[in-house]
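A.B. asks: The following comprises the amino acid sequence and a computationally predicted model.
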Amino acid sequence: MRFERLVRTAGLECRAEPKTRLPVPVAVGDDQGDPVVTALPIKQGRRVGEGQVVMEVSGRPVILLVGRLPAYRDILPNASGPDVEQLQAALSRLGILGGGAARGRFDAVTRMAVYRLYRQRGYPPPGLEPKDEKAEKNAAVKVTLPRRELLMVPTLPASLGTVKARVGASVRTGDVVLTSGRPVLRCIVEDASAAFGLRKGAKATVSTPGGGSLTARVQRISTSAAESSPREGAPRSQDGDGEEERTEVTLEAARTLRIGKGYQARVEIEKAGFVAPVVPSSALWSQSGGRTIVKVLRAGHRVEVAVRPGFEVDGQVTVTATGGTLRQGDEVIVAADAGQGGQP
């Protein structure tokens, strides 16, 4: 017999993947001709820092900046909003926006910083005519910031993940994908019943490919319908169209993960309220009147201890002594048939 706090867990097969995947936008509009890749300055798999050009399309750059909001609009002179405020924060981190800018407004000071952002990277600032490119006094009046030329990532580090484009070829949004943030574990639960009881924030113990272990927490749980070919014994949707529900569990680990590697996780579903004596379920003996006992061997003698069963997991159950005492290391007697209680 041992004293512990029983925990019910679910086993998951997981894979380490980037936390966020972001398609690199195509830097020219549909009305500007066929978008062609003219430069790929970052190699696939390499890190991308804030302020770097991720891709050049038809001579125009896509510049990476850090911010929680995606670039959802073209920023025009004197525009204001949280997207402008996060732009100003990025320009300040890059050392090209000092004091004097109106917070959250695309004012002349901020537009001059955008002018410098582009000129330092060798590109004409957007919104300027060719004759204005070197006239800084005009920059504060005319500079704009097209949304297609910004890639906002929520967090670093970031790397160039997928590249399905090459210099000189046309490109579509999604051909080049950036990954950002620390890797997470994505676990697919095909059987809906296996996901029952999973909750955000639950603790998980993860076995690593090298035989070690680490701790993690459930960060997200999402369920969606996934098409699949019929399998013997597989659950089918009610409308019979070949779709079935699939749950994806995302775990955030306490240590760095190796992208692409497989991991096994055991996630806590439920736990006993306190540390208690634990015995096999087959060690519970029933008596008339609904009384339950555990038979304990001590110094060669059999001792019967009345108990109240509690939390049960995988054939193990916590018990509370209601008559007599239970001790750490007690040897208990189990029934010959583990599936049925015996009569003492």
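C.D. replies: Thanks, I have the structure now. Keep in mind that what you see is a predicted model, and the values were worked out from it rather than measured.
A.B. asks: so who does the spatially closest residue to Arg327 that is not a sequence neighbour touch?
C.D. replies: Computed as Cβ to Cβ, 6 or more residues apart in numbering, the closest residue to Arg327 that is not its neighbour in sequence is Met1, at 7.4 Å. Heads up, the C-betas are built off the backbone N, CA and C, glycines and all. Residues near Met1 by Cβ atoms under 8 Å, 6 or more residues apart in numbering: 277-279, 296, 326-332.
A.B. asks: of the residues you listed, buried ones?
C.D. replies: The neighbour-count test (16 or more other Cβ atoms under 10 Å) marks 277-279, 296, 326, 330, 332 as buried among the contacts of Met1.
A.B. asks: Which helix or strand lies directly C-terminal to the helix or strand of the chain with the lowest mean pLDDT?
C.D. replies: Ranked by mean pLDDT, DSSP states H and E, the weakest helix or strand in the chain is helix 136-142, scoring a mean of 67. Using DSSP states H and E, the helix or strand that follows helix 136-142 towards the C-terminus is strand 150-153.
A.B. asks: list the helices and strands that following strand packs on?
C.D. replies: The contact analysis (3 or more Cβ pairs under 8 Å, 6 or more residues apart in numbering; DSSP states H and E) places strand 150-153 against strand 20-23, strand 60-66, strand 176-180.
A.B. asks: helices or strands next to the second one in the packing?
C.D. replies: In this structure, strand 60-66 makes packing contacts with strand 53-57, helix 82-93, strand 150-153, judged by 3+ Cβ pairs under 8 Å, 6+ apart.
A.B. asks: Select, out of these, the one closest to Ala283.
C.D. replies: strand 150-153 (56.3 Å; Cβ to Cβ).
A.B. asks: That closest one: partners in the sheet, and parallel or antiparallel?
C.D. replies: Strand 150-153 has its sheet partners listed here by DSSP bridges as strand 60-66 (parallel).
A.B. asks: one step back: between the buried ones among the contacts of Met1, which is nearest Thr20?
C.D. replies: Of those, the one sitting nearest to Thr20 (Cβ to Cβ) turns out to be Val278, at 42.2 Å.
A.B. asks: tell me which element that closest one falls in.
C.D. replies: strand 276-280.
A.B. asks: Would you mind checking the average pLDDT for that strand?
C.D. replies: Throughout strand 276-280, pLDDT has a mean value of 94.
A.B. asks: residue ranges with poor pLDDT in the stretch 151-300 of the chain?
C.D. replies: Counting by pLDDT under 70, the stretch 151-300 of the chain has low-confidence residues at 192, 225-244.
A.B. asks: Mind checking which of the contacts of Met1 land in strands?
C.D. replies: 277-279, 296, 331-332 (DSSP state E).
A.B. asks: Show me this structure divided up by domain.
C.D. replies: 2-16+182-271, 276-332 (automatic domain parsing).
A.B. asks: got a markdown table for the ones in strands among the contacts of Met1, with distance to Arg166 too?
C.D. replies: Putting those into a markdown table (distance: Cβ to Cβ, whole Å) gives the following:
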| residue | distance to Arg166 |
| --- | --- |
| Pro277 | 67 |
| Val278 | 62 |
| Val279 | 66 |
| Val296 | 74 |
| Glu331 | 71 |
| Val332 | 70 |
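A.B. asks: how near is Thr110 to Pro41?
C.D. replies: 26 Å (Cβ to Cβ, to the nearest Å).
A.B. asks: For those two, indicate the residue with more neighbours.
C.D. replies: Set Thr110 next to Pro41 and count neighbours by other Cβ atoms under 10 Å: Thr110 wins out with 28 against 14.
A.B. asks: what about Tyr118, helix or strand, and which?
C.D. replies: Tyr118 is part of helix 108-120 when elements are defined by DSSP H and E.
A.B. asks: so what does that helix touch, helix or strand wise?
C.D. replies: helix 82-93, helix 136-142.
A.B. asks: could I get the ones you listed as a markdown table with mean neighbour count and distance to Gln264?
C.D. replies: What follows is the helices and strands packed on helix 108-120, written out as a markdown table (neighbours: other Cβ atoms under 10 Å; distance: least, Cβ to Cβ, whole Å):
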| stretch | mean neighbour count | distance to Gln264 |
| --- | --- | --- |
| helix 82-93 | 18 | 39 |
| helix 136-142 | 15 | 56 |
